[in-house]
Structures are given as C-alpha cells and as structure tokens.
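S.K.: Sequence and predicted structure are below.
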Amino acid sequence: MQIEQNRNEDALKLAVSEMNARRETIAKGGGAKAIAKQHEKNKLTARERIALLVDENSFFEIGSFAGFEMYAEEGGCPAAGTVAGLARIANRLCLVLANDQTVKAGAWFPITGKKNLRLQEIAMENNLPVIYLVDSAGVYLPLQDEIFPDKEHFGRIFRNNARMSAMGITQIAAVMGPCVAGGAYLPIMSDETLMVEGNGSIFLAGPYLVKAAIGEDIDAETLGGAHTHNAISGIADYQCSTEEECLAQVRKIVSKLGHAPTGGFDRSEPTPPKRPATDIYSIFPEGNAKPYDVRDLIACITDNSELDEFKAAYGKTIVCGYARIDGWAVGIVANQRLVVKNKKGEMQLGGVIYNDCADKAARFILNCNQKKIPLVFLQDVTGFMVGSRSEHAGIIKDGAKMVNAVANSVVPKITIITGNSFGAGNYAMCGKAYDPRFIYAWPSARIAVMGGEQAAKTLLQIQVAAMKAKGQEADPVQEKNLLQEIKSRYDKQASPYYAAARLWVDEIIDPADTRRVISRSIDAANHQPNIAPLKTGVFQV
C-alpha cells in the first residue's frame, strides 16, 4: 500500500513540476529580446504592469496555457498574447486583461479573441469590474479570416463592451501602446480611458494608412497620441506622463467604486481540513488507472474534512454531499472510483454513472438550487453504463434527467477535472458545454470521447474493416503500428494541455491548490447579486 502511495505521489508531483516548468516558459512571453525591446521603449511588460496595478499576491491567472503549442508556423502565441486573471485592486475584486506586446506586437490571433471573449464572459457572469491594459497592433493579418468577421470573433469584444456597460459593469482602459483600427473602439467604449504620453495612441488608421488613403503626412503622436485625445478630441479622460502614474491612477479610480449587493452565498469562519492538501498526491492513482475513494480527496479540501453525504447508500458511484470549502457552503458532486455494491448487492464499476447515480445527482443538484448553494463538480468519469440491462432500465431517461438538472442549474457551478472526463459523463458532470462558472483541470486530467486505448482499438477495427472491404489485409505488425499511431494521437488530444490551449478549461492547477482555487471562484461568483429562478423544463421522471 505504501509503495503504491509513493508511486502515486511521485507521478503527480512530476506532472505538477512539468506544469510549472511550462508555465514559467509561457511567462517569458515573446522571449528575452522582445522584453528588452519593450524596456528600451520605456515600456513595462504585461506582467510587470499587472504586478504594479494589483494588490500584492492577489493575481490569479486564467488562461495561461491558451495557445499552448499552437501556431508553430507563426512562431507560437504564448498565453494567447494576453495576460489576464482575477485580482484585487484597492481590495476590490476585478478582472484584468493586458495585451502582451512581446508576442507579435500584441496582435490578436484567433485564440486571442477566444480568450478575451471568455474573460469578458467571466466578468459578465460574475459582475466584476474590468481593467484593460492596452498595447496591441490589432488583428494578426495573416490569420484575419479566422478572427475578424464571425459572431465569436474580434468584433464581439466591442459588442460585449456595450453589453457590460448596460449591465452597470465598470470598464477602465489604460492605453500604454498602440490601439489601432477596430481595436480603437475598446478604450472609448470603456467608462474611463487613460493614456500614457509618448507611447499610448488611438486611431482608426495609422500614419502609413492615412498617407496611402488621403495623402496626409502626420506622425502617430499628433494623429492620435495622449495630448491629442485629452486636449483636442476629448475622447480620453486622463493624460499620464509614465506607466507607473497611469497604473496608480487606475487604482485610485477603482478604490472609489461603489459596493454592489452580493449573491448571498453563505460563508462562515474557515476551518482548515484535517487532512493536508498534499495528501492528494498519494491518494490519486498514477495514470488514472486504479480505484480510490473520492471521499479521501474531498477530505483534503473541505473544512474540518467534513462531508454531509446525501443518499450515501444509494447510487454509490457518485458521491453527493454538503460541505464547506474555506468557509463557503457548497454542494459537492463527485465521481466515485471505487468498485462498489448497489442496493441489490451487485458490483458496480467505479467512475461509471448508473441509473441510480444519475437519479441521485439530479435530485441533489435541484436541492442545491433550491437552497442557493454553489455546486462543485469533481470529475473522474468514464461515462454512463451501457448494455441491454442499463438500456432496459432507462439509462437514457435517467441520464437526461441529470443533464437537464445541470443545464438548468442557476447557482454557480465550479468544475474540477481531476482524472478522466469521457463521453457524456463530461456533460453530465458539468463540462465546458454546460456553462460552469469556472472550469479547471489537474495535470492528470484526460478529456475525450473515450479512453485512448478504447478509442484506438475502435478506430483500428474501422480501418481494418475498410482495408478488408478493398481486398487488402493488414498483417499483425502493421496493425500494431497503426494501433500505436492512433493511440499516440488520441492521447495527445486528450491531454489537459491540449484542452487548456483551446480554452476547454480555464486553467490547469496544482491539485494541492484546489481548495484555494474553489474558494476564489466562489468569491468571484458571489459578486453576482441576482440569480434567476430555477426552471427545469420538461423531462421524464
């Protein structure tokens, strides 16, 4: 037992170490030369600006792995060219977005647009003030067709500016570099705009385009610099001589914001868990391959390691219960990976959702909505049970009931993908498609239609059958190589880094930080004062 725990601990710690190393590389943005060039222009980097703006140690980055290993032919796009996250400014929780000028001059790649839209969505869902630190060359022209015209493309950013303003969400734009073409609308559609002398500029067309279009010779500062827009056009509100002065002024503005009503989620004085968070490393199985008791994981994140379990003797491959996490009252829905006996004494596979599990979880989710208790989903699921017995018992009906409850849930939903997240189990356990308020993954997460081994064998059977239909035969060596090729490709696509690069999850986190991350997420969600009444629509009972 101890040997196995040591193996588990070594494997998960190694995965966390790899995650941290990759994040450190991403934090360098466009690299040392690009950072030096930024400093030569008397400009700070995106991360340096954020460090000056926010309260000490309050920044929680979101989407750091966006764009990871994407756009190789373009030289990459670390963090999607935007550094962003939740932070406290003058002790007010805000969302901060900073263009990273060291990455292709802060240009917008397709994933940049997707990341910025996700961040605006977080602001709208949680009623958070937004601070934009603008320093961008605009759309990355070689990929303009993937970022410019569609509904979820670049223009949606400005539509959201308008929608957030109508919702009463404060938006402040600090222009510290170029703000060109369509991007020029973002600061002017914000509530207040600050500009830094010498570097900040706003115009629909830069000097070169103006010369080409109308033959006028003009420099950038005269065309759309800080003095021009503060003293002549009047579209900016503050003119600052340095970035430090600009960021200090943003802090002053934020410090005077009025206080809005909260969501009213219950919080008591936090009590630390009896089990240390680091126990997670030895509990969680290497390779997601062996059973474990999810209650042991829950004990590492809940106050006093307590869980008031709901229907404990029923639907045993899902654990539901009430708890507190850092003082916040929560409802937990977690896949149980132990092999257990059902009420009839029959063995049930861990990580699989059975009829009774779906029924139990749906009822619990509705109860949490009734009581206005935020939901935490701990995903380690291989899917719903299949076969004639489950079909005849109505697994589709019971699964639909659970999916209906998740889809229509109105309280905040926080999803943590700890291990497997396969098939419709991903949906039922509040995957990305079901609007979790925040969704995170451990480095051990695997997100796919099914496991790599099963998928590879299924695809191999299809390919071999196609070969036979053409009168071709695959020899055993060829089949083995084909199987390995399919499995390798599939495993890469199931990786949490593949998911985080495409923003299927908001961030990859250290398992030992799970309690803190959930607490910060609920804190953000509690800034939304109005929760709509629960309506579940029609479903079979």
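M.R.: Yes, it's here.

S.K.: And the closest residue to Gly155 other than its chain neighbours, how close does it get to Ser136?
M.R.: Nearest non-adjacent residue to Gly155, counting by C-beta to C-beta, 6 or more residues apart in numbering: Gly182, 6.8 Å away. For every residue, glycine as well, the C-beta is placed using N, CA and C. Gly182 sits 11 Å away from Ser136, taking C-beta to C-beta, to the nearest Å as the criterion.

S.K.: Specify which residue of the two has the higher count of neighbours.
M.R.: The neighbour comparison of Gly182 against Ser136 (other C-beta atoms under 10 Å) goes to Ser136, with 27 against 16.

S.K.: Does anything pack onto the longest helix along the chain? Which helices or strands?
M.R.: Counting residues, the longest helix found in the chain (DSSP state H) is helix 2-27. Secondary-structure packing of helix 2-27 (3 or more C-beta pairs under 8 Å, 6 or more residues apart in numbering; DSSP states H and E): helix 279-283.

S.K.: Name the helix or strand for the residue lying farthest from the centre of the chain, please.
M.R.: Centroid-distance maximum for the chain: Gly471 at 48.0 Å, with C-alpha atoms, centre = their mean. Element membership of Gly471, judged by DSSP states H and E, is empty: it is in no helix or strand.

S.K.: Name the residues of stretch 482-499 that are buried.
M.R.: Neighbour-count burial for stretch 482-499, counted by 16 or more other C-beta atoms under 10 Å, picks out Leu482, Leu483, Ile486, Lys487, Tyr490, Asp491, Ala494, Ser495, Pro496, Tyr497, Tyr498, Ala499.

S.K.: scratch that, stretch 523-540
M.R.: Asp523, Ala524, Ala525, Asn526, His527, Gln528, Leu534.

S.K.: Now tabulate those in CSV and tack on pLDDT and distance to Gly350.
M.R.: Shown next, in CSV, are the buried residues of stretch 523-540 (pLDDT from 0 to 100; distance: C-beta to C-beta, whole Å):
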residue, pLDDT, distance to Gly350
Asp523, 98, 33
Ala524, 98, 32
Ala525, 97, 30
Asn526, 97, 34
His527, 96, 37
Gln528, 94, 35
Leu534, 86, 31
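
S.K.: Need the phi and psi values for the closest residue to Gly81 other than its chain neighbours.
M.R.: For Gly81, ignoring the flanking residues on the chain, the nearest one in space by C-beta to C-beta, 6+ apart is Val103 at 4.1 Å. In this entry, Val103 is assigned phi and psi values of phi -100, psi 100 (degrees, to the nearest 10).

S.K.: burial count for Val103?
M.R.: Neighbour number of Val103 under other C-beta under 10 Å is 27.

S.K.: ok now do it, which residues does it touch?
M.R.: The contact partners of Val103, taken as C-beta atoms under 8 Å, 6 or more residues apart in numbering, are Gly29, Gly30, Ala34, Cys77, Pro78, Ala79, Gly81.

S.K.: Now do stretch 492-512: distance to the chain's middle.
M.R.: 8 Å (C-alpha atoms, centre = their mean, to the nearest Å).

S.K.: Tell me the pLDDT of Ala137.
M.R.: pLDDT, Ala137: 84.

S.K.: any idea how far it is from Ala105?
M.R.: 4 Å.

S.K.: Now the common contact residues for those two.
M.R.: Pro178.

S.K.: Now do the contacts for Gly537.
M.R.: Contacts of Gly537 (C-beta under 8 Å, 6+ apart): Asn404, Asn408.
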